[in-house]
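Asker: Predicted model, plus sequence, below.
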2 protein chains.
Amino acid sequence: MPRYAAMTKAELETELAAVRARYDEMVARGLALNMARGKPSAAQLELSLPLLDVLDAEADLTAEDGTDCRNYGVLDGIPEAKRLMATLLDDEPDSVIVLGNASLTAMYDALVRLMLFGTQGSAPWGQLPAVKWLCPVPGYDRHFTICEALGIEMIPVPMDEHGPDMDEVERLAGADDAVKGIWCVPKYSNPTGVTYSDEVVRRLASMACAAPDFRIFWDNAYAVHHFSAEAAEQDRVLDIAAACAAAGNPERYLKFGSTSKITFPGAGVAAVAASPANVAEIKRHMNAQAIGHDKLNQLRHARFLDEGRGLASHMAAHGALMGPKFELVCRRLDEELGEAGIATWTNPRGGYFVSFEGPAGTARRIVALAKEAGVTMTGAGATWPYGDDPNDSNIRIAPSLPPLEELDAAMDVFCCCVKRAALEKMLAD
Amino acid sequence: MPRYAAMTKAELETELAAVRARYDEMVARGLALNMARGKPSAAQLELSLPLLDVLDAEADLTAEDGTDCRNYGVLDGIPEAKRLMATLLDDEPDSVIVLGNASLTAMYDALVRLMLFGTQGSAPWGQLPAVKWLCPVPGYDRHFTICEALGIEMIPVPMDEHGPDMDEVERLAGADDAVKGIWCVPKYSNPTGVTYSDEVVRRLASMACAAPDFRIFWDNAYAVHHFSAEAAEQDRVLDIAAACAAAGNPERYLKFGSTSKITFPGAGVAAVAASPANVAEIKRHMNAQAIGHDKLNQLRHARFLDEGRGLASHMAAHGALMGPKFELVCRRLDEELGEAGIATWTNPRGGYFVSFEGPAGTARRIVALAKEAGVTMTGAGATWPYGDDPNDSNIRIAPSLPPLEELDAAMDVFCCCVKRAALEKMLAD
């Protein structure tokens, strides 16, 4: 199969007829496969079943500081859970506030506080004529949903292989004091899999911002989510806290993370890490919202993951399940689409996603075709603010949930849909 | 001992000298007792230890609708948890949204949503020149903290033995459209122990409100927290949902509750119940804040409490531990202070508190004296908005945490402090 771009119209038509026939066969198989969300597979969830045996009726339910984890109290987390989450967030236990079960809630609540109260003496953002936010694209749809819900205007900034386009970030943040922050998934980014370079981190930390209360929302969702257990095969990212402190902007960042994709997404532990002044401010506001989060679940997680020391081996077991799925996805894309020259995709060393770029104007069509053939993908456009991918070209592939054989079948369908949409587009243009 | 009011000055001075001597003896004992917060005792927490064995690594972790409770999803709660919380909230499962571990967070978040978004088409409250809130007093300090944090102006309304003074509530809610709502703890109220009469509930549901989006925050924190297992010895409260629907104001209420004082305060399950329109609105906003709450903890609680059918027997065991403590508190108050005629107190049939009214201008002094003698009480003034009890007379007694013998010692100290403060005040006036 030559490159589609090199084909004659007649050759394209012949190829389209073959692809359509193949597509109809697939529809007839009545598949029901799902690659829509970054959900861990059943095999991954089983890795954490022993978590449920950590605390039973005979267990010692007292934290090391004497706290009865069954009762009220401890707004910011028990010490052993702070150490666990500090390991995950590459920070010190004193900088950590342990929260409920979701970093998404932590980020929403943090942004709500900024809207209602401002920060470090600044005016409540909700009282300003406009609040704008930098959104590296493609990005995480639930970040964008938070901004949209709070009426924050989103400005897309392109991602490259080093992270967000920093020339553009510096230009936008420097020029307009309504630009109050940026979403960052610094390691194995959602969905590109890109890990921010040291230079990107340093520029984010040190750039001149028109808004003195500019905030980097550092969603380190895939901090330890490597496919390989070999350090040489793992990405690393510079610590934003250290970079901000070194640049003289110690309050600029808020780090978020959780154990959602480490233990159980439905029942994990989340945390925020921040500067001493920001930790104090968050605790002051949180004091009206909560007496304390679920300390038994904190204790359960701290013991199961040996306060962080158990993370590497536990994540190696996840990686052993995830790696082959990503290998399969990229191999199938290469086999099916490599020669046609109609698409590009990322090949990350960790995280949960492959970012796929098809021909302009085909993403919605591809996702619709796949849906009709029984394969649910993340909605086209989801990786852009307001669901609006101006090129209609980006699709997020989430290979974690299906078992390998189902993933193989789903990739069959997906690649066939890509070819069909591309050929239809070429012949229509 | 006669009534203090009938004593001569010389008699009062003799009595004060005796009380002071007794107080000094108590200080010398170096006590460290705590009646500050409504925390369950260790014996109460032990009642729920089997909760920790409900889900182990061998357990079926699938909800009845097929949901894998370990994984992402289910914004509003698994069906079995909805049934449990519907039983607790005296409502239907479809009206329930199951949340995280704290009704306090549920109430804070609900008020934040009203500030940011308004409700059912009304303007965001945060954009109004003023938002005011009716606060029955004495009341729950954490309710007041939420209002204060959000800049909502609190208006105290007196409580009587039937609930809030409804003439006053109707006058205030009817006259001013900035008055947007009211805090209610309708059963075994915090701290008075009063249960709202049917007439109070009906008047709350049907009164004319200047604000069309007036909201009753119905914090049914002690819905099943009776001291006696005998129905005749238990308070009951009319269902606010039914009353509001009957009055043609179906959106007026939001019900809140949790298992905090049923299982583990640090690790329970909370919920909100509301009208269909309000449930839909809350879910729409929550969709930006959360993917789902801790479904394993929901499953654990639903099974442990047999989806609500196990509540009565479990709460009877709590009541058997709580009843004797309240009996002791009221008996000691009666023995020590009954004849002096200087104070009144409530004698509830459930809940967590005794509300104590000392002589005007003595509450702060009593609490300070008790503290000095090693007994920590709830801060004086805490039961009033802004911590400002204009009479300086109300003190919340929280007898649940200390074992009986410690409670006895604490009541010794407390009564001595009351007498000393009262005598000092009478002699100074």
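Answerer: Happy to help now that I have it. Source: prediction; values computed, not measured.
Asker: just the helices in the stretch 101-250 of chain A please.
Answerer: A:103-117, A:141-149, A:166-175, A:198-206, A:240-246 (DSSP state H, counting those that start in this stretch).
Asker: My read is that residue A:418 contacts residue A:341, right?
Answerer: No. Residue A:418 is beyond contact range of residue A:341, at 12.0 Å (criterion: Cβ atoms under 8 Å). Bear in mind the C-beta positions are built from the backbone N, C-alpha and C, glycine included.
Asker: Comparing the two, which residue is more hemmed in?
Answerer: Remark: of residue A:418 and residue A:341, residue A:418 carries more neighbours, 27 against 14, as counted by other Cβ atoms under 10 Å in any protein chain shown.
Asker: any idea of the mean pLDDT for the host helix or strand of the more buried one?
Answerer: For residue A:418, the host element (DSSP states H and E) is helix A:404-428. The average pLDDT for helix A:404-428 rounds to 97.
Asker: what's the spacing between the residue nearest the centre of chain A and residue A:59?
Answerer: In chain A, the residue lying closest to the centroid (Cα atoms, centre = their mean) is residue A:190, at 3.9 Å. Counting by Cβ to Cβ, to the nearest Å, the gap from residue A:190 to residue A:59 is 36 Å.
Asker: What of residue A:297?
Answerer: If you measure residue A:297 against residue A:59 using Cβ to Cβ, the figure is 13 Å.
Asker: Ok, residue A:120 next?
Answerer: Separation of residue A:120 from residue A:59 (Cβ to Cβ): 41 Å.
Asker: Torsion angles phi and psi at the closest residue to chain B within the stretch 301-429 of chain A?
Answerer: Nearest residue of the stretch 301-429 of chain A to chain B (Cβ to the nearest Cβ) works out as residue A:401 at 8.7 Å. Backbone torsions of residue A:401, given as degrees, to the nearest 10, read phi -70, psi -50.
Asker: residues near it, how many?
Answerer: If you count neighbours by other Cβ under 10 Å, residue A:401 ends up with 23.
Asker: rewinding a little: flag every buried residue along the helix holding residue A:418.
Answerer: By 16 or more other Cβ atoms under 10 Å in any protein chain shown, the buried positions in helix A:404-428 come out as A:406-426.
Asker: Likewise for stretch A:72-85?
Answerer: Buried, per 16+ other Cβ under 10 Å, within stretch A:72-85: A:72, A:74, A:76, A:77, A:78, A:79, A:80, A:81, A:82, A:83, A:84, A:85.
Asker: pLDDT of it, averaged?
Answerer: 97.
Asker: That stretch vs chain B: in contact?
Answerer: Yes. For stretch A:72-85 and chain B, the contact criterion (Cβ under 8 Å from any Cβ of the partner chain) is met by A:72, A:73, A:74.
Asker: pretty sure the last one is in contact with residue A:67, am I right?
Answerer: Yes. Distance between residue A:74 and residue A:67: 5.6 Å, which falls inside the contact criterion (Cβ under 8 Å).
Asker: which residues are common contacts for the two?
Answerer: residue A:295 (Cβ atoms under 8 Å, 6 or more residues apart in numbering or on different chains).
Asker: How far does the helix or strand of chain A with the lowest mean pLDDT sit from its chain's centre?
Answerer: Least confident helix or strand of chain A, by mean pLDDT, DSSP states H and E, is strand A:33-35 with a mean of 92. Centroid separation for strand A:33-35 versus its chain: 18 Å, with Cα atoms, centre = their mean, to the nearest Å.
Asker: low-scoring pLDDT stretches of the stretch 51-200 of chain A, where are they?
Answerer: Scanning the stretch 51-200 of chain A for pLDDT under 70 picks out nothing.
Asker: interface residues of it facing chain B?
Answerer: A:52-53, A:55-57, A:59, A:68-74, A:100-102, A:104-105, A:108-109, A:112, A:115-116, A:126, A:142, A:145-146, A:148-150.
Asker: before we move on, what about the stretch 251-400 of chain A?
Answerer: By Cβ under 8 Å from any Cβ, the residues of the stretch 251-400 of chain A that approach chain B are A:260, A:264-267, A:285, A:287-297.
Asker: Tell me which of the residues you listed fall in helices.
Answerer: Cross-referencing these against helices under DSSP state H gives A:285, A:295, A:296, A:297.
Asker: The first one: neighbouring residues, count only.
Answerer: Using other Cβ under 10 Å, the number of residues around residue A:285 comes to 17.
Asker: Now it: closest residue in space that isn't a chain neighbour?
Answerer: In space, and not counting its chain neighbours, residue A:285 is closest to residue A:113: 5.2 Å by Cβ to Cβ, 6 or more residues apart in numbering or on different chains.
Asker: Pull the contacting residues for the one you found.
Answerer: Going by Cβ under 8 Å, 6+ apart, residue A:113 touches A:119, A:282, A:285.
Asker: hang on, the last one packs against residue A:117?
Answerer: Yes. Assessed by Cβ under 8 Å, residue A:285 is found in contact with residue A:117 at 6.3 Å.
Asker: Let me know the pLDDT of the nearest residue to residue A:202 once chain neighbours are set aside.
Answerer: Excluding the flanking residues, the one nearest residue A:202 by Cβ to Cβ, 6+ apart is residue A:243, at 5.4 Å. Turning to residue A:243, the model gives it a pLDDT of 98.
Asker: Could you measure from residue A:243 over to chain B?
Answerer: 29 Å (Cβ to the nearest Cβ, to the nearest Å).
Asker: separation between the residue of the stretch 101-250 of chain A found nearest chain B and residue A:129?
Answerer: The nearest approach of the stretch 101-250 of chain A to chain B comes at residue A:149, 3.7 Å away (Cβ to the nearest Cβ). Distance, residue A:149 to residue A:129, using Cβ to Cβ: 19 Å.
Asker: Looking at these two, which is more packed in?
Answerer: residue A:149 (19 against 5).
Asker: Excluding chain neighbours, what is closest to the more buried one?
Answerer: Once flanking residues are discounted, residue A:149 sits nearest to residue B:288: 3.7 Å by Cβ to Cβ, 6+ apart.
Asker: What of residue A:80?
Answerer: In space, and not counting its chain neighbours, residue A:80 is closest to residue A:302: 3.7 Å by Cβ to Cβ, 6+ apart.
Asker: SS state for that neighbour?
Answerer: helix (DSSP: H, G, I helix; E, B strand; the rest coil).
Asker: do you know how far it is from residue A:122?
Answerer: 35 Å.
Asker: With neighbour numbers in mind, choose between those two.
Answerer: Of the pair residue A:302 and residue A:122, residue A:302 is the one with more neighbours under other Cβ under 10 Å, namely 27 against 14.
Asker: residue ranges of the strands in chain A, please?
Answerer: Secondary structure of chain A (DSSP state E): strands located at A:33-35, A:96-98, A:132-137, A:153-160, A:163-164, A:179-184, A:215-219, A:253-258, A:270-273, A:344-345, A:354-357, A:375-377, A:394-397.
Asker: Let me have the ones you listed in JSON lines, extended by mean neighbour count.
Answerer: As requested, those are exported to JSON lines (neighbours: other Cβ atoms under 10 Å in any protein chain shown):
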{"stretch": "strand A:33-35", "mean neighbour count": "22"}
{"stretch": "strand A:96-98", "mean neighbour count": "25"}
{"stretch": "strand A:132-137", "mean neighbour count": "23"}
{"stretch": "strand A:153-160", "mean neighbour count": "18"}
{"stretch": "strand A:163-164", "mean neighbour count": "26"}
{"stretch": "strand A:179-184", "mean neighbour count": "25"}
{"stretch": "strand A:215-219", "mean neighbour count": "25"}
{"stretch": "strand A:253-258", "mean neighbour count": "26"}
{"stretch": "strand A:270-273", "mean neighbour count": "27"}
{"stretch": "strand A:344-345", "mean neighbour count": "16"}
{"stretch": "strand A:354-357", "mean neighbour count": "22"}
{"stretch": "strand A:375-377", "mean neighbour count": "23"}
{"stretch": "strand A:394-397", "mean neighbour count": "26"}
